[in-house]
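In: Quick one: sequence plus predicted model below, questions after.
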Amino acid sequence: MSDEERSKDQLIKELHQRIEELEKLETEHNRVEEALRESERELSAIFNSTKDGVLLLDKTGKIIKMNKEITEIGGYAGKDVIGKRFNTLKFFTSKSLSKMTVAFAKIMVYIEVPPFEVELKTKDGKKSYLEIYVSPVEENGEIVGSISILRDITKRKRAEEMLKVSEEKYRDLFENAYDVIWTADARGRYTSINKMFEKSLGYKRGELIGKQSLKLVAEEDRGKSIQIYEKTLDGEPQSYELKIKTKNGNTRIFTLKTRPIRENESIIGIQGIARDITERKKAEQQREKARKESEFYADVLAHDIGNINQITLGYLYLLQKAKDKKTKEKNVDSIRKSVMKSGILTGRIKALKEIEDTKTEKFDLNRSIERSIEKIKAYFDKEIKVNLDMNKHYYVKANDFLDKVFFNILENSVEFTFQDKVIIDIKTEEKDGFCNIHIHDNGFGISKEKREDILENLETLSKRTGMGLYLVKKILDRFNGKFEIKDVKKGTEIVVTLPVVGQNGGSARSVHPQRSHKRNERKGR
C-alpha cells in the first residue's frame, strides 16, 4: 500500500477516535449538567423549605436571592428585598444595620462571625427579633458573596423579657417584703437573703452567703431544724416555729414556711419565708399569765376568804351565845385573829401583783430577819423562842417585800409546830457570794414525798395554804434568790439563798444561785 493510502486510513482512524472522545465528552457534559441541575433543584428545595429565612448576597452586599420564609418573617415580598443592598433596607434598625455591615465586612475576608441578634420592623409595624448566621460563598477559591440564615427568635426574646420582668418583680418582692426570705442549697448553706433578713437578724449578706444556716438556730431547736430541712429536701413543704439567734446574741421566735427548690426535676435546695412572732408570743404568754393569775386569785379569794368569813361568822355566833366574860373575850380574840388573817391574805395578793414592778436597792438583811421575828411573836399567842446566829452583817439587793419572805416562812413554822413551845433556829453563812439563811423549827417535819410535792406544785398548793410559800418563791425570784426545803431528821429546815451586795453597793458575785449550785455540783464530781 502506497504511503498516500496509509496516511488516509490513519487520518480516518484518528477521526473516528476523536469522534468517540467527543461523544464521551458530550455524554459526561450532559451528565454533569444534569447533576448540576439536580443539585440546583435540591439546593433550591432546601433553600425554600427551611424554616429559617435565607438571603444570598453578592460581594457588593446586593441581595440576589431570598427564600419564602423571609416573607413569612417580616411580611416583605421579593420586590422589597431582591436587588437592594442589605445596608439600605429601612426595616432594620440603625443599630442592627451596623452589626450586619461589620459582619459582612469580616466574612468577606475570611474572619469567622459568631451568631448575632438584630431587630426588624415587620411590614405591619410590629417588632421582631432575628438571630443571624453568616457564611461566605466561594467560587474557584474566591469569595463571591455571602449567605445569611435569619432565625426568628421573637417568641424567645419576648419570653426572656417576660422572665426578666418576672425576675425583677420577684427581686423587688424578695428585697422589699415585710417577711424574712432566704434560699439555701441542699447542704444548708445560704445562697441568698433579703433586706428584712438583714434588718431582723443584724447580719449582712456577705457574712452569711455560703455559710451554714443551722448556726443561726438556737441550740435547743437544732435537732428539730435538721429533721424539717430533710423533709423539705424530700419534697414536702413545711410550716413550723424555731428560735433563731440574732447577731447581737438575742434569741427571737420565728414562724417559718419552707419549700423545695427544683431544677430539671431535681431538688437543689430550699426557699424559706419567716416572720418574727416574738412579740406576739410574749403577748400570748402575758395573756395566758393574766388568765392564770385571774383564776388563781379567784380561787384563793373564794376558798381562803370564804373560809375566814365562815370562821368569823362562827365566832360571832359563839360570842352572841357566850354567857361569861372569859368566853366572850376568847371569841373576840378569835375574831380579831380572823380579821388579821384576812388582812395578811389580802396583803399577799397585793404583794403578788406588785412585786414585779418594784425597785430594788441595797437592803439590810439582818434587820429584815429581826423585824420578821418581832412581827411573828406579836401575831401568835404561842411561846416562841428564836435562836438567832448571824455570823456577820449582810446587805442584799431587795426591798421591804423581803420581810414578807421571812414572815411567811416563820408563820409556817409556828402554825405547823403542835407543841407548847415553838423553837426556831436561824443561822446565816456566806458561800460563793451568796448568803444562805437556814431556818429550822422543832415541828413534826415534812416527808421527802411531801417536800417534792410542795416544790413542784407551789401554785396549786397555794390555793389550799394561803399562798405563803408561793409568795416566798415569787419574791425571791424578783431578788435573784431561791429557797429549798432541806432533808433533816427532826423538824423542818428551809434555806433561803440571796446574792450578797458588796460594800460599794454592787453584787459581790453576779452568778444566779441555781447556776452557782450547778457549778458546785460539777466541782463535786
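Out: Sure thing, it's come through.

In: Could you use CA atoms for every contact and neighbour count after this?
Out: Will do.

In: per-domain residue ranges of the protein.
Out: 50-158, 177-276, 298-357, 359-524 (automatic domain parsing).

In: In this structure Gln483 contacts Lys473, no?
Out: No, residue 483 isn't Gln; it's Phe. Yes: here Phe483 reaches Lys473: they are 7.1 Å apart, a contact under Cα atoms under 8 Å.

In: follow-up on the earlier one: let me know which of the domains of the chain is the nearest to Glu20.
Out: domain 50-158 (30.0 Å; Cα to Cα).

In: worst average pLDDT in the domains of the chain?
Out: Across the domains of the chain, domain 298-357 has the smallest mean pLDDT, namely a mean of 75.

In: gap between that domain and the chain center?
Out: Chain-centre distance of domain 298-357: 55 Å, with Cα atoms, centre = their mean, to the nearest Å.

In: thinking again about what came up before, dump the domains of the chain to JSON lines, plus mean neighbour count and distance to Ser7.
Out: Below are the domains of the chain laid out as JSON lines (neighbours: other Cα atoms under 10 Å; distance: least, Cα to Cα, whole Å):
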{"stretch": "domain 50-158", "mean neighbour count": "17", "distance to Ser7": "44"}
{"stretch": "domain 177-276", "mean neighbour count": "17", "distance to Ser7": "88"}
{"stretch": "domain 298-357", "mean neighbour count": "15", "distance to Ser7": "144"}
{"stretch": "domain 359-524", "mean neighbour count": "17", "distance to Ser7": "135"}
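
In: so can I have CSV of the ones you listed showing distance to Arg18?
Out: Shown next, in CSV, are the domains of the chain (distance: least, Cα to Cα, whole Å):
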stretch, distance to Arg18
domain 50-158, 30
domain 177-276, 72
domain 298-357, 129
domain 359-524, 121
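
In: Please name whichever of those domains is nearest to His16.
Out: With Cα to Cα as the yardstick, what comes closest out of those is domain 50-158 (34.7 Å).

In: got a list of what the closest residue in space to Asn309 that isn't next to it in sequence touches?
Out: Of all residues not flanking Asn309 in the chain, Ser338 sits nearest, at 8.0 Å (Cα to Cα, 6 or more residues apart in numbering). By Cα atoms under 8 Å, 6 or more residues apart in numbering, the residues touching Ser338 are Ile308, Asn309, Ile311, Thr312.

In: And the closest residue to Thr417 other than its chain neighbours, how far from Glu383?
Out: Excluding its sequence neighbours, the residue lying closest to Thr417 (Cα to Cα, 6+ apart) is Gly443, at 4.1 Å. With distances taken as Cα to Cα, to the nearest Å, Gly443 is found 14 Å from Glu383.

In: pretty sure the residue nearest to Thr417 contacts Lys489?
Out: No: here Gly443 does not reach Lys489: they are 11.0 Å apart, not a contact under Cα under 8 Å.

In: List the neighbours of stretch 362-374 that are in contact with it.
Out: 386, 390, 393-400, 402-404, 406-407, 410, 501, 505.

In: What segments of the stretch 201-350 of the chain are strands?
Out: 238-245, 251-263, 266-276 (DSSP state E, counting those that start in this stretch).

In: which element is Ile64 on?
Out: Element membership of Ile64 [criterion: DSSP states H and E] is strand 63-66.

In: ok, for Pro115, nearest residue in space, not its chain neighbours?
Out: Tyr133 (4.9 Å).

In: tell me which element that neighbour is part of?
Out: Per DSSP H and E, Tyr133 falls inside strand 127-139.

In: next structured bit after that strand?
Out: Following strand 127-139 in sequence, per DSSP H and E, is strand 142-152.

In: report the angle between the axes of that next one and strand 127-139?
Out: Using axes from the mean of the first three to the mean of the last three Cα atoms, to 10 degrees, the direction of strand 142-152 lies 160 degrees away from that of strand 127-139.

In: which element follows strand 142-152 toward the C-terminus?
Out: With DSSP H and E, the next secondary element past strand 142-152 is helix 154-176.

In: Check which element follows that next one along the chain.
Out: Counting by DSSP H and E, the next helix or strand C-terminal to helix 154-176 is strand 180-185.

In: Could you name the helices and strands sitting against that following strand?
Out: strand 190-193, helix 195-201, strand 266-276 (3 or more Cα pairs under 8 Å, 6 or more residues apart in numbering; DSSP states H and E).

In: any chance of these in TSV, plus distance to Lys79?
Out: Formatted as TSV, the helices and strands packed on strand 180-185 follow (distance: least, Cα to Cα, whole Å):
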stretch	distance to Lys79
strand 190-193	56
helix 195-201	59
strand 266-276	53
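
In: Could you point out which of the ones you listed sits nearest Gly61?
Out: Nearest of these to Gly61, taken as Cα to Cα: strand 266-276 at 49.8 Å.

In: helices or strands next to that closest one in the packing?
Out: strand 180-185, helix 222-233, strand 251-263.

In: how distant is stretch 227-236 from the center of its chain?
Out: In terms of Cα atoms, centre = their mean, the centre of stretch 227-236 is found 15 Å from the chain centre.

In: Show residues contacting it.
Out: Under the criterion Cα under 8 Å, 6+ apart, residues Ala186, Pro237, Gln238, Thr258, Arg259, Pro260, Ile267, Gly269, Ile270 lie in contact with stretch 227-236.

In: Now with 10 Å, please.
Out: Under the criterion Cα atoms under 10 Å, 6 or more residues apart in numbering, residues 185-188, 214, 222, 225-226, 237-240, 257-262, 266-271 lie in contact with stretch 227-236.

In: Equivalent analysis for stretch 257-266, please.
Out: Applying Cα under 10 Å, 6+ apart, the contact partners of stretch 257-266 are 181-186, 228-229, 231-241, 267-275.

In: Off-centre distance for it?
Out: Relative to its parent chain, stretch 257-266 has a centroid offset of 18 Å by Cα atoms, centre = their mean.
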